[in-house]
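Asks: below are the sequence and a predicted model for it; my questions follow.
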Amino acid sequence: MEKEYTRKIIVISIALALVFGASLFFIARIDTTGSPITYTANHQEVEVNKKAHSHAYTLDYMRALANECGTEHPPQYLETLIRKFEAEPRFVYEFKYKGESQESDTYRVVVIRNVANYQTLEEFKKDFDLCAAGGEEYPVKMTKNWLMFENSCGSGFDDGSGRPNGCQIVKDQVGSTIELY
């Protein structure tokens, strides 16, 4: 009887190890070396691409953001801000939904160094907030070292196809797991 009990425990232990190992294969905590973020993604549903780009902030762009949101800045403030970010790369992560989807199938995250030394999310948003619906870079998270933007996954438009909004599915799955260093 004791031998049969031991055998059952071994079989259950092996089964649990296999299930646990398989789940690690399909849902992985990603720590990309040299990356400013970690995240969890189900690689059966999500394809991840990471690229580094040069900075994309121009005076016209920053003025448009400020005007759109009704934000006032002192003279030369935006020029000084742009210079702080000039030499900094922008890390762009694209989390693409692999299933059938409406056109909006990619959740996009942009991460840049916090070279302006923002202390609060409100300070960060004051300079970079996007007040229009359906935008590509809304400021959402920050640490003392990094600033994070994300896209909106569309404006809520449904194309009537019955297909899901893949971007929103990926955002719901991955977005809350993203951690900045």
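Replies: Ah, there it is.
Asks: for the chain, where's the lowest mean pLDDT among helices and strands?
Replies: Ranked by mean pLDDT, DSSP states H and E, the helix or strand of the chain with the weakest confidence is strand 27-31, at a mean of 37.
Asks: just confirm A116 is within a helix.
Replies: No. Going by DSSP: H, G, I helix; E, B strand; the rest coil, the assignment for A116 is coil, not a helix.
Asks: what's the first helix or strand after the least confident helix or strand of the chain?
Replies: strand 37-42 (DSSP states H and E).
Asks: show me which residues of that next one are buried.
Replies: By neighbour count with 16 or more other CB atoms under 10 Å, strand 37-42 contains the buried residues I37, Y39, A41. For every residue, glycine as well, the C-beta is placed using N, CA and C.
Asks: my guess is the last one contacts F95, does it?
Replies: Yes. Assessed by CB atoms under 8 Å, A41 is found in contact with F95 at 6.6 Å.
Asks: who touches both of these two?
Replies: The contact sets of A41 and F95 overlap at V48, V174 (CB atoms under 8 Å, 6 or more residues apart in numbering).
Asks: circling back: make JSON lines out of the buried residues of strand 37-42 and add distance to Y181.
Replies: Output for the buried residues of strand 37-42, formatted as JSON lines (distance: CB to CB, whole Å):
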{"residue": "I37", "distance to Y181": "7"}
{"residue": "Y39", "distance to Y181": "12"}
{"residue": "A41", "distance to Y181": "18"}
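Asks: specify which member of those residues is nearest to T143.
Replies: I37 (10.1 Å; CB to CB).
Asks: who does the closest one bridge with?
Replies: L180 (DSSP bridges).
Asks: if anything else comes up later, I'll come back, but that's it for now.
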